[in-house]
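J.: everything below, folded, please.
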Amino acid sequence: IFIDDANTQIRNLLAVLNRNAENKNKNIKIVLTVRDYAKDAVIDACTHLKPAVVSVLKLSDSVIEQILKSPDINVADVQVLERIVELCDGNARLAIMCARVYLENNDISYLKDVSTIYDEYYSKYFKDNLIFTDISVLKTLGILSYFHAIDMRSPEDLEILARFKLSHETFIEVIQKLEDKEIVDIYMKDTVKIADQVLATYLFYKVFIVDKKLDFLIILQNYFQKYSFRMHEAIKPSVSAFGITNTIVPLTTELNKYWKQVKNDNSGAVQYLNVFGKYYADHAFPFFKKYIEELPKPKGKPIRYNMAWLNFGSYNLIERILAEFFDSEDKYEISTAIDLNIEYCRKVSEGLEEVIKTMHENFRIKDTDVGNGLMRQSLLFEKLLQLKPLDKLYTKLFYKTMQKTVLNTHFINEAYTKENDEWRLIPSLQNLRVMVWNELIKDYIRNRELLNGILVDYIKEIYHTQYIILNFDYDNILRLIKSKLNKKYY
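T.: Below you'll find the predicted structure:
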C-alpha cells in the first residue's frame with residue numbers, strides 16, 4: 001500500500017493502519033511519504049508498527065546540473081546553470097521551473113530569487129485568465145490552498161466558506177470554472193482540492209501574505225488550535241520557497257495580535273511557538289523563561305511531568321522549539337536557547353540525558369558551520385565550560401556533549417579539508433579538540449570514572465577512526481598518559 005503525503009491524509013492513514021493490524025496473518029507492506037516538517041505526526045500515528053524511516057536526501061549539485069543539461073531541458077550557459085543550482089538547493093522541480101522561466105525569456109535577470117521564479121512561472125494562470133481578477137476566485141483558491149480540500153457535504157467545511165464571506169453557491173460556480181482550466185480537481189462531485197501542491201503553496205503565499213485577499217488572523221483565531229498541523233503545512237513550504245523576509249515579516253501585525261491573545265495560555269502559547277517561535281525570539285524566550293521558573297524544583301530525581309499538551313509524537317514540544325534556535329546565526333539566540341534547554345531538562349527529565357541527546361543531534365558539524373569557524377560548537381563549548389564547575393551533573397553534560405560533537409567526528413565529512421594533497425582536520429576543529437583535551441587532562445584525577453568512560457567510548461571508535469584524527473590526537477593522548485596515567489602499562 002502506497003500513501004503519498006501521508007500527513008495530509010491522517011484519517012485515511014489511521015484507517016489503513018488499523019485494518020492492517022487486524023490482518024495479522026497477512027504480510028502487508030505500507031510505504032508512506034511525508035515531508036520532513038510533518039514527519040513526527042505521521043511517525044506517531046504508526047509507532048505501534050515500529051516503522052523504518054528512510055530519509056531521502058536532496059539532490060546534489062552535479063545531479064541537478066545533469067537534469068538541466070539533459071536534451072529535454074538543455075540549459076547550456078554555465079552562468080545560468082550555476083545560478084539555478086544555487087536557487088533550487090537540491091530541489092529538482094524548482095530547478096526545472098527556473099529553467100523554463102529562463103528559456104522562455106532568455107534573460108538571467110528572471111533568476112533573481114525564488115519568489116520571482118514562482119511569479120513568472122505561474123503568471124500564465126493570472127495574466128491569460130480574466131477569472132483571476134474575480135475576488136471570489138482568489139478567495140476560493142486561498143481557502144483551498146490552506147485547507148487542502150473542501151468537502152461540500154460537510155457543515156464544518158461550509159462554515160469555513162461563510163467565515164471568509166464566500167457563499168456556497170459562489171464557491172460551486174467558481175470551482176466548476178477552475179476545474180475546466182485543470183487548476184482544481186473535484187472528487188465524487190463533492191470534494192475539491194488544488195491539483196498541484198506547488199501551485200497551492202504559491203496561492204497561499206499570494207492570497208494570504210502578498211495580496212492579503214483573505215485575513216490571516218481569521219485562520220489564527222478560528223482554526224490554528226484545532227488544526228495546528230495545517231499551519232505547519234502552509235507556513236513551512238512558504239518559508240522554504242520564499243524566505244522569512246517575504247513570508248513571516250508581512251504577517252507580523254497578525255502574529256503579534258494573536259500572540260497577545262494566547263501568551264498566557266500555556267497550551268495555546270506552546271502550539272503557536274511550535275510554528276512561529278523560531279522566527280520570534282522575543283515571543284519564545286520570555287515565555288519559556290517564565291514558564292520554566294514557575295515549575296516546581298524537583299525533590300531528588302527530577303520527574304517528567306505528564307502534560308499531554310506538551311507532547312508531539314515522541315518529542316517534547318518545549319525541547320523541540322528551543323532546539324530550533326540552535327541553528328540560528330545569532331549568538332544571543334543560541335546562547336539563550338542552550339540556557340533555557342538545560343534549565344528545563346534539569347527540572348523535568350531524568351538528569352541531563354535529554355540535553356545530551358538534543359545537543360548531539362543539533363550541534364553536529366554541518367557545511368554552514370565550517371564557513372563560520374564552528375561558531376555554534378565553540379559557543380556550546382564556552383557555555384558548558386562555564387557550567388562545569390557548578391556540580392557533577394554539569395561536568396557530565398560538558399564531557400558527554402563534547403564527546404559527541406567534537407571528539408567523535410569520525411564520519412563527518414565536513415570535519416576534513418585537503419591541503420597540499422594531504423587530508424587534515426579543519427583548523428577550527430583542531431583548536432576546539434585541543435581545548436577539550438586540555439579540560440579532560442586537567443579534570444582527569446577529579447573525575448576519573450566519568451572520563452574513563454569517555455576514553456573507552458573514544459577507543460571503541462578506533463577501528464573506524466580515520467588516521468587523520470589519530471594523528472592529530474597523538475600528542476594529546478601522550479600528554480594524558482604521561483601526566484595522569486601509569487606509564488608502565490602503555
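
J.: what does the pLDDT read for residue 456?
T.: Note for residue 456: predicted pLDDT of 87.

J.: give me the number of residues near it?
T.: Residue 456 has 9 neighbours, counted by other CB atoms under 10 Å. All C-beta spots, glycine's among them, are computed from the backbone N, C-alpha and C.

J.: quick check, it in a helix?
T.: Yes: membership of residue 456 in a helix is supported by DSSP: H, G, I helix; E, B strand; the rest coil.

J.: residue contacts, residue 426?
T.: Under the criterion of CB atoms under 8 Å, 6 or more residues apart in numbering, the contact partners of residue 426 comprise 370, 374, 414-417.

J.: okay, it and residue 188: tell me how far apart.
T.: Using CB to CB, to the nearest Å, we find residue 426 at a distance of 58 Å from residue 188.

J.: can you turn the buried part of the contacts of residue 426 into a PyMOL selection?
T.: Of the contacts of residue 426, the buried ones go into a single PyMOL selection, burial set by 16 or more other CB atoms under 10 Å:
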select buried, resi 370+374+414+415+416
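
J.: and the contacts of residue 426, which is closest to residue 2?
T.: Checking the contacts of residue 426 against residue 2 by CB to CB gives residue 414 as the nearest, at 34.7 Å.

J.: worst-scoring helix or strand of the protein, pLDDT-wise?
T.: Every helix and strand of the chain was ranked by mean pLDDT, DSSP states H and E. The lowest is strand 311-312, at a mean of 43.

J.: which secondary structure elements does the longest helix along the chain contact?
T.: For the chain, the helix that runs over the most residues, judged by DSSP state H, is helix 228-247. Applying 3 or more CB pairs under 8 Å, 6 or more residues apart in numbering; DSSP states H and E, we find helix 228-247 packed against helix 114-121, helix 135-147, helix 197-204, helix 266-276.

J.: quick check: buried residues in whichever helix or strand comes after it?
T.: Using DSSP states H and E, the helix or strand that follows helix 228-247 in sequence is helix 252-262. Neighbour-count burial for helix 252-262 flags 254-255, 258-259, 262 (criterion: 16+ other CB under 10 Å).

J.: neighbouring contacts of the helix or strand where residue 292 lies?
T.: Element membership for residue 292 (DSSP H and E) is helix 281-294. The contact list for helix 281-294, computed with CB under 8 Å, 6+ apart, reads 259, 263, 266, 269, 272-273, 276-278, 318, 321-322, 325, 330, 333, 336-337, 340, 343-344, 347.

J.: returning to what we had before: which ones among the contacts of residue 426 lie within helices?
T.: Among these, the ones falling in helices (DSSP H) are residue 370.

J.: so where's the stretch 351-490 of the chain shaky on pLDDT?
T.: Scanning the stretch 351-490 of the chain with the threshold set as pLDDT under 70 gives 351, 462-466.

J.: could I get the full set of helices for it?
T.: Assigned by DSSP state H, counting those that start in this stretch, the helices in the stretch 351-490 of the chain fall at 353-362, 367-371, 375-387, 392-402, 427-443, 448-460, 467-484.

J.: which one of those helices is the most hemmed in?
T.: Comparing the helices of the stretch 351-490 of the chain by mean neighbour count (mean count of other CB atoms under 10 Å), helix 392-402 comes out on top with a mean of 20.

J.: only alpha carbons, please: show that helix as CSV.
T.: Provided in CSV are the C-alpha atoms of helix 392-402 (Å, rounded to 0.1, in the frame of the first residue of the first chain):
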residue,chain,number,x,y,z
LYS,A,392,28.9,16.9,38.7
LEU,A,393,25.8,16.8,36.5
TYR,A,394,27.1,19.8,34.6
THR,A,395,30.5,18.1,34.4
LYS,A,396,28.9,15.1,32.9
LEU,A,397,27.0,17.3,30.5
PHE,A,398,30.1,19.0,29.3
TYR,A,399,32.1,15.9,28.6
LYS,A,400,29.3,13.8,27.1
THR,A,401,28.3,16.6,24.8
MET,A,402,31.8,17.4,23.8
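
J.: and residue 190, what pLDDT?
T.: The predicted local confidence for residue 190 is 86.

J.: so who does residue 424 touch?
T.: 416-418, 430, 468, 472.

J.: switch the helices of the stretch 351-490 of the chain over to JSON lines; also include distance to residue 151.
T.: Converted to JSON lines, these look like this (distance: least, CB to CB, whole Å):
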{"stretch": "helix 353-362", "distance to residue 151": "39"}
{"stretch": "helix 367-371", "distance to residue 151": "43"}
{"stretch": "helix 375-387", "distance to residue 151": "46"}
{"stretch": "helix 392-402", "distance to residue 151": "49"}
{"stretch": "helix 427-443", "distance to residue 151": "55"}
{"stretch": "helix 448-460", "distance to residue 151": "55"}
{"stretch": "helix 467-484", "distance to residue 151": "58"}
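
J.: and the ones you listed: which comes nearest residue 74?
T.: The minimum distance between residue 74 and the helices of the stretch 351-490 of the chain falls on helix 367-371, with 30.0 Å, by CB to CB.

J.: which neighbouring elements make contact with the closest one?
T.: helix 375-387.

J.: what's the helix it packs on in contact with?
T.: Contacts for helix 375-387 (CB under 8 Å, 6+ apart): 326-327, 331, 334-335, 338-339, 342, 359, 363, 365, 369, 394, 397-398, 401-402, 405-406, 428, 432, 435-436, 439.

J.: recalculate using a threshold of 7 Å.
T.: Outside helix 375-387, the residues within contact range by CB atoms under 7 Å, 6 or more residues apart in numbering are 326, 331, 334-335, 338, 359, 363, 365, 369, 394, 397-398, 401-402, 405-406, 432, 435.

J.: any idea of the angle it forms with helix 392-402?
T.: 160 degrees (axes from the mean of the first three to the mean of the last three CA atoms, to 10 degrees).

J.: quick one: helix 375-387 to chain centroid distance?
T.: Centre-to-centre, helix 375-387 and its host chain are 23 Å apart (CA atoms, centre = their mean, to the nearest Å).

J.: let me know the closest of the buried residues of helix 252-262 to residue 145.
T.: Nearest to residue 145 among those is residue 254, at 16.8 Å by CB to CB.

J.: pLDDT wise, what is the closest one at?
T.: So, for residue 254, pLDDT stands at 97.

J.: show me the shaky parts of the stretch 151-300 of the chain.
T.: By pLDDT under 70, the weakly predicted segments of the stretch 151-300 of the chain are 298-300.

J.: what do you get if the cut-off is 80, keeping everything else the same?
T.: Across the stretch 151-300 of the chain, residues meeting the criterion (pLDDT under 80) sit at 297-300.

J.: most distant residue from the centre of this structure?
T.: Centroid-distance maximum for the chain: residue 488 at 51.2 Å, with CA atoms, centre = their mean.

J.: any idea how far that residue is from residue 455?
T.: According to CB to CB, residue 488 stands 18 Å off from residue 455.
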